[in-house]
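Student: could you work out the structure for the sequence below:
(one chain, ligands or ions: 1)
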Amino acid sequence: MIRRILLSCMVLIAINASAQQPTMDQFITKLMQRMTLEEKLGQLNLPSVGFDVTGPILSEDVEEKIKKGLVGGVFNTFTPVAVRKLQDLAIKETRLKIPLLFGYDVVHGHRTIFPVPLGLSAGWDMDLIKRTAIAAADEASADGLNWTFSPMVDIARDPRWGRVSEGSGEDPYLGSQIAKAMVQGYQGDDLRKNNTILACVKHFALYGASEAGRDYNTVDMSRIRMYNEYLPPYKAAVDAGVATIMTSFNEIEGIPATANKWLLTELLQKQWGFHGLIVTDYTAINEMIAHGMGDEKKVGELSLNAGVDMDMVGEVFIKHGASLVKEGKVSIAQIDKACRRILEAKYKLGLFEDPYRYISEERNKSAIMNTDKIALSKEAAIKSMVLLKNQSQTLPLDATKKIAFIGPLVKDRRNLIGSWSGAGDYKKAVSIWSALEQQNGHKFLYAKGCNLIDDPALRKRLNDHDGQIQAEAASPEQMIAEAVQTAQQSEIIVAVLGEAFGMSGEAASRSMIGLPENQQTLLRALKATGKPIVLVLMNGRPLTLQWENDNCDAILETWFGGTQAGPAIADVLFGKANPSGKLSMSFPRNTGQIPVYYNAKNTGRPFDENQKYTSKYLDIPNTPLYPFGYGLSYTSFTYGEISLDKKTITAKDKIQVSVSVTNNGSYDGEETVQLYIRDLVGTVTRPVKELKAFKKLMLKKGETKEVSFSISVEDLKFYNNELKYAAEPGKFKLMIGGNSKEVKEVEFELK
Ligand code: NOJ
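Tutor: Okay, the predicted model is just below:
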């Protein structure tokens with residue numbers, strides 16, 4: 001009896017609640033009942049309007065299409081004025097007044113630019129990374145945007161691929177942590193807030209494994225490798241609640257990702273439980289014609305049936321969707337599902353309540369490039385820098401010495417903000433030179449030394465796409481002679497060299513990844529002066545630096561550090577800040593060694609100096625020049641022995657691991673303590689080590705701290721040959737160190 005009363009009360013409450021406030025499902029169902037097939041297909045259309053393109057421009061008459069209800073969202077339009085104009089069309093001129101989504105590639109900051117993602121990842125600082133995403137969402141939303149096409153979480157082991165700069169390097173564990181931090185940062189805990197936006201994890205999937213590092217190229221790998229090594233960061237983003245996901249350009253098992261039903265429906269939606277919006281990459285549907293998957297209508301059919309919801313730029317769904325449904329090639333249920341996912345994204349943002357929620361001139365003035373964000377940009381740039389070499393404590397510099405700053409990037413601002421900094425204004429970036437002048441007055445020597453690039457073909461290619469690389473009137477010989485003369489007057493040379501920003505990013509693969517040849521010539525000439533050389537690098541990928549490593553006294557990797565790169569570099573060079581970054585991607589010795597990554601397999605013939613028939617190169621060691629996790633500090637750290645509270649664990653308990661770390665140098669400094677595990681015997685071969693945990697800690701000079709970790713069976717699981725995720729009993733090696741190469745180790749056993 002009581003149960004019955006309770007039940008009827010609950011039903012009444014439910015009816016009341018729904019009478020007042022329909023649920024998202026009810027709201028959308030009702031709206032969709034009023035939509036024509038054409039209007040539903042219109043929601044699936046995402047044209048580009050405005051400032052930037054990364055492919056052919058197919059989007060025409062977008063304003064007319066919006067008025068007809070043939071557009072679900074646009075991208076590349078921002079600023080309150082521009083966004084309001086288009087949102088007005090949707091709200092005031094369409095039958096159903098469905099608001100538009102506004103997307104953009106807010107990749108490493110929106111207006112205030114942070115280091116390129118590869119640089120940011122070298123900070124190994126999840127709190128910092130999250131704060132940069134919060135700041136980016138704050139600025140983007142104040143500029144009318146409600147959707148970013150970020151984070152890119154593609155695992156990459158091939159630094160020839162230009163897009164390594166947009167990701168977090170080679171490691172699935174670190175990559176997963178970063179994916180989660182970024183999603184949480186962009187989306188916050190409430191998407192309805194006017195300063196949180198939809199994140200879009202990309203590119204699903206495996207885009208970073210393109211053959212030979214050539215962009216958009218074929219990908220082919222075993223499922224076991226996918227599951228263990230490439231898929232974890234996408235999964236981590238899904239688990240963190242990412243609202244949208246972008247398909248990749250590459251094929252997977254012979255089927256382009258955008259038409260891959262196994263990938264988009266079986267794995268992503270069914271196995272992982274992703275219920276958000278699936279958008280294609282730029283014209284990825286149309287590109288399947290060139291892949292050899294059929295004509296435009298056919299590839300539209302394939303992608304809808306694979307599970308795609310929204311078509312970026314291609315306009316295939318609005319062109320062919322209706323006849324595909326009429327001919328029974330695509331079910332109306334499939335279109336409804338896609339339309340629902342898009343409407344849900346709008347609902348979650350609160351756009352049905354207030355389509356103008358992200359359009360505020362006031363917020364635009366107060367949020368963009370405010371002092372907090374500028375300070376964050378500097379903090380992020382400092383934390384991303386990796387000290388690769390520092391022989392005889394060459395760094396930090398003594399400001400009383402005569403120092404010559406030489407190189408095409410000393411006074412440069414254009415390159416500091418890197419690629420994918422669409423809304424960033426490089427004129428607001430601060431160069432190294434102006435930071436030095438602000439801090440020290442006009443006391444240092446300067447010479448440009450060479451152009452950023454002398455190769456006319458490369459320069460033309462880059463300049464055709466906004467590279468803005470200029471050549472001086474002086475000849476290369478004159479420029480070098482002047483630089484040498486300047487260097488001779490100094491006690492120490494700081495050479496600031498690297499890539500042009502357009503040499504990494506999309507469609508920017510390189511077959512040789514050294515410094516441009518003319519810069520190498522300059523460096524050799526400087527070396528001949530006999531003065532000590534500090535090499536400050538700016539680049540968007542690991543470079544091959546063997547000669548530089550052998551001949552420079554110190555090397556500081558600063559990536560493309562963003563708006564505040566100059567002041568950050570000046571602080572690090574003069575010891576106001578101590579570098580603490582650790583590489584998230586190995587630096588190869590030469591291009592022939594690629595791919596080289598730390599979590600490799602052992603082979604049946606691991607390298608042995610005394611044996612001929614072992615796995616090796618005749619000309620170089622197997623190890624990279626600088627390994628994953630590597631990075632020096634102005635101080636030095638020593639590690640004690642690892643202690644375990646027990647030597648065996650079961651599926652039910654945990655091992656407590658601790659190690660003492662001492663700062664025994666003469667500066668306060670931050671260290672990233674890294675824990676790796678090797679499964680010694682398995683039913684399948686296992687990597688020689690895998691990162692399982694890390695902790696960052698600040699140590700004052702002379703200070704010792706105890707760091708502890710807790711390892712459970714979860715950390716020992718992997719996908720076996722049947723793609724079952726399980727741990728296998730047996731012996732494990734546990735390693736701890738300040739990089740992936742120099743580690744202390746102990747053994748334990750899983751019973
Ligand atoms: C193509 C790129 O692959 C993708 O990362 C980007 O988000 C889109 N273009 C939109 O600009």
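Student: break the protein down into its domains, please.
Tutor: When the chain is parsed with automatic domain parsing, its domains come out as 56-98, 104-365, 376-586, 637-750.
Student: average pLDDT across the longest one?
Tutor: Mean pLDDT, domain 104-365: 98.
Student: check the shortest one too.
Tutor: Mean pLDDT, domain 56-98: 92.
Student: who in this protein is up against the ligand?
Tutor: Applying CB under 6 Å from any ligand atom, one finds that the chain approaches the ligand through Thr54, Asp105, Phe149, Lys202, Asp281, Tyr282, Glu506. For every residue, glycine as well, the C-beta is placed using N, CA and C.
Student: and those residues, which is closest to Gln20?
Tutor: Checking the residues of the chain next to the ligand against Gln20 with CB to CB, the nearest one is Phe149 at 36.4 Å.
Student: surely the closest one touches Val201?
Tutor: No - under the criterion of CB atoms under 8 Å, Phe149 makes no contact with Val201, lying 9.4 Å away.
Student: so for these two, which sits in the more crowded spot?
Tutor: Neighbours were counted for Phe149 and for Val201 using other CB atoms under 10 Å; Val201 has more, 29 against 24.
Student: is the more buried one bridged to anything, and to what?
Tutor: Ile245 (DSSP bridges).
Student: from Val242, how far out is it?
Tutor: Distance, Val201 to Val242, by CB to CB, to the nearest Å: 5 Å.
Student: likewise for Leu395?
Tutor: Taking CB to CB as the measure, Leu395 falls 40 Å from Val242.
Student: next: Tyr446.
Tutor: Here the criterion is CB to CB. By it, Tyr446 lies 46 Å from Val242.
Student: please apply the same query to Lys30.
Tutor: Counting by CB to CB, the separation of Lys30 from Val242 is 27 Å.
Student: neighbour count for those two, which is higher?
Tutor: Val242 (27 against 10).
Student: how many neighbours does the residue lying closest to Ser121 once chain neighbours are set aside have?
Tutor: What sits nearest to Ser121 in space, not counting adjacent residues and going by CB to CB, 6 or more residues apart in numbering, is Ser168, at 3.7 Å. If you count neighbours by other CB under 10 Å, Ser168 ends up with 30.
Student: do a quick rundown of the strands in the stretch 51-200 of the chain.
Tutor: For the stretch 51-200 of the chain, strands defined by DSSP state E, counting those that start in this stretch occupy the ranges 73-75, 101-104, 147-148, 200-204.
Student: report the buried residues of the second one.
Tutor: Just to be clear, that refers to strand 101-104. Buried residues in strand 101-104, defined by neighbour count with 16 or more other CB atoms under 10 Å: Leu101, Phe102, Gly103, Tyr104.
Student: tabulate those in a markdown table, adding columns for distance to Val81.
Tutor: As requested, these are exported to a markdown table (distance: CB to CB, whole Å):
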| residue | distance to Val81 |
| --- | --- |
| Leu101 | 18 |
| Phe102 | 13 |
| Gly103 | 18 |
| Tyr104 | 15 |
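Student: which one of the residues you listed is nearest to Pro115?
Tutor: Checking the buried residues of strand 101-104 one by one against Pro115 (CB to CB), the nearest turns out to be Tyr104, at 19.1 Å.
Student: Trp147 is in contact with that closest one, correct?
Tutor: Yes - with contact defined as CB under 8 Å, Tyr104 reaches Trp147; the gap is 7.4 Å.
Student: for the residue in the stretch 1-150 of the chain positioned nearest to the ligand, what are its contacts?
Tutor: Nearest residue of the stretch 1-150 of the chain to the ligand, counting by CB to the nearest ligand atom: Phe149, 3.5 Å away. Phe149 is in contact with Phe75, Gly103, Tyr104, Asp105, Val106, Val107, Cys200, Lys202, Met246, counting by CB atoms under 8 Å, 6 or more residues apart in numbering.
Student: near the nearest residue to Thr148 once chain neighbours are set aside, how many other residues are there?
Tutor: Using CB to CB, 6+ apart and skipping the chain neighbours, the partner closest in space to Thr148 is Val106 (3.9 Å). Val106 is flanked by 30 other residues according to other CB under 10 Å.
Student: tell me, what's touching Phe149 and Val201 both at once?
Tutor: Between them, Phe149 and Val201 share these contacting residues under CB under 8 Å, 6+ apart: Met246.
Student: could I get the full set of strands for the stretch 551-700 of the chain?
Tutor: Counting by DSSP E, counting those that start in this stretch, the strands of the stretch 551-700 of the chain are 554-557, 637-639, 643-644, 648-649, 655-663, 669-679, 690-699.
Student: and the residue of the stretch 251-400 of the chain that's closest to the ligand?
Tutor: For the stretch 251-400 of the chain, CB to the nearest ligand atom, closest residue to the ligand: Tyr282, 3.8 Å.
Student: can you tell me the SS state at that residue?
Tutor: The three-state assignment at Tyr282 reads coil, by DSSP: H, G, I helix; E, B strand; the rest coil.
Student: surely it and Ser248 touch.
Tutor: No - the criterion here is CB under 8 Å, and Tyr282 misses it with Ser248 at 11.2 Å.
Student: which one of those two has more residues nearby?
Tutor: Per other CB under 10 Å, whichever of Tyr282 and Ser248 has more neighbours is Ser248, with 26 against 21.
Student: looking at the buried residues of strand 101-104, which is nearest Gly328?
Tutor: Nearest to Gly328 out of the buried residues of strand 101-104 is Leu101 (CB to CB; 30.1 Å).
Student: residues contacting the spatially closest residue to that closest one that is not a sequence neighbour?
Tutor: Among residues not flanking Leu101 along the chain, Gly73 sits closest, at 3.0 Å (CB to CB, 6+ apart). The contact partners of Gly73, by CB under 8 Å, 6+ apart, come to Leu46, Leu100, Leu101, Phe102, Gly103, Trp147, Met310, Ile342.
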